[in-house]
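[1] Quick one, what's the 3D model for this:
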Amino acid sequence: MKIILLEDDEFIANEIKLYFEIKNHTVEIYTNGEELLENANIYSCDIFLLDINMPIKNGIETLKEIRELEVKTPAIFLTSMSDVDTIKLGFEVGCSDYVRKPFHFEELEIRMNRLVLESNYKKIKLGPNQIYDPQRMELIDNEKVVDFTENEKKLIYFLVKNLNHIVDSNTLMDYVWDDRIVNSNTLRTQIKKIRSKISYDFIHNIRGTGYKIEEWHD
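    Reported below is the predicted structural model:
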C-alpha cells in the first residue's frame, strides 16, 4: 500500500511511517498542503492520511484541490478537532473517514484496510471476455485467471485504479517500480509482455503522454 501522509508533527509523522513501513507499506510525509500538492504524486497512492489543522494550506483545502483533479483515492482525516461543522465540511470536500487524535495505530490500520478494500470491491469488464478483480489484482480472460508477474499485476491495477483517465508514463513507472530507476523502454517491454498474455488488448497507448484503460461496455 502506498500512503501519502500530511502531518506537521514530526514525532507523529515518524511514528506512523515506522508502523506502516514495518508492514511493508510505503509512506510519503508532507508537512503542509502546498508542499503535498506541488510535490506528491497524488495519482500513485492507495490512501491519503491528512491532518486538518496544518500551516499554509490545511487538510480540508488540500483534499478539496485533490478532488477537483478527479482523484477519488480514499482519504482519512487525522485530527483532534471534533466540532460538527468541521466534520461536515470534511465530508463535503470528499473525505472517507475521520480518526480522532490520539489514536491507536491498529484502529487506523483497520479503517485504512476497509476503505482500500471497498474502493477495490467492484469487478470491472475490460474486454468482451475479460473481467478484472481489483481486490485480488486478477484478470479473468475467457474464464481463466491470467498468470501475471507482480510488476504486471501492479501495472494493470494502477491503470484500472485510474480507469478512463490517462496515466503519464513517469507516474506509472514510479508506482510499479517504486524507487528503482527505469526508463520508457522498460515500461514498453512490460506492456508488450502483458499484451502477449491477453486475448484482447485493453491498454491504450496515448502517444506522447502515457497509457489508459477504459471500461468495456457491450
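[2] got the contact list for stretch 144-164?
    43-44, 73, 124, 126, 132, 134, 137-140, 167, 172, 175-177, 190-191, 193-194, 197-198, 203, 211-215 (C-beta atoms under 8 Å, 6 or more residues apart in numbering). No exception for glycine: its C-beta is placed from N, CA and C like everyone else's.
[3] Please save the CA atoms from the helix or strand hosting residue 67 in CSV.
    Element membership for residue 67 (DSSP states H and E) is helix 59-68. Output of helix 59-68 as CSV, limited to C-alpha atoms (Å, rounded to 0.1, in the frame of the first residue of the first chain):
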residue,chain,number,x,y,z
GLY,A,59,-6.1,19.4,5.2
ILE,A,60,-9.6,20.3,4.1
GLU,A,61,-8.3,22.8,1.5
THR,A,62,-5.7,20.2,0.3
LEU,A,63,-8.3,17.5,-0.1
LYS,A,64,-10.7,19.9,-1.9
GLU,A,65,-8.0,20.5,-4.5
ILE,A,66,-7.2,16.8,-4.8
ARG,A,67,-10.9,16.0,-5.5
GLU,A,68,-11.1,18.9,-8.1
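[4] helix, strand or coil for residue 164?
    Classification of residue 164 by DSSP: H, G, I helix; E, B strand; the rest coil places it in coil.
[5] and the helix holding residue 67, what does it pack onto?
    For helix 59-68, the packing partners by 3 or more C-beta pairs under 8 Å, 6 or more residues apart in numbering; DSSP states H and E come out as helix 33-39, strand 47-51, strand 75-79, helix 84-93.
[6] angle of it against strand 47-51?
    150 degrees (axes from the mean of the first three to the mean of the last three C-alpha atoms, to 10 degrees).
[7] Just give me the neighbour total for residue 92.
    10 (other C-beta atoms under 10 Å).
[8] ok, now which ones touch it?
    So residue 92 contacts nothing (C-beta under 8 Å, 6+ apart).
[9] Find me the pLDDT at it, would you?
    Note for residue 92: predicted pLDDT of 92.
[10] From residue 24, how far off is it?
    According to C-beta to C-beta, to the nearest Å, residue 92 stands 34 Å off from residue 24.
[11] just residue 135 next, same as before
    For residue 135 relative to residue 24 (C-beta to C-beta), the value is 18 Å.
[12] the more surrounded of those two?
    Shown here are residue 135 and residue 24; by other C-beta under 10 Å, residue 135 has more neighbours (13 against 7).
[13] how much space between the more buried one and residue 119?
    Taken as C-beta to C-beta, the span from residue 135 to residue 119 is 9 Å.
[14] Mark out where each domain of this structure begins and ends.
    2-119, 124-213 (automatic domain parsing).
[15] so how far is the first residue of the shortest one from its last?
    Right, domain 124-213. 11 Å (C-alpha to C-alpha, to the nearest Å).
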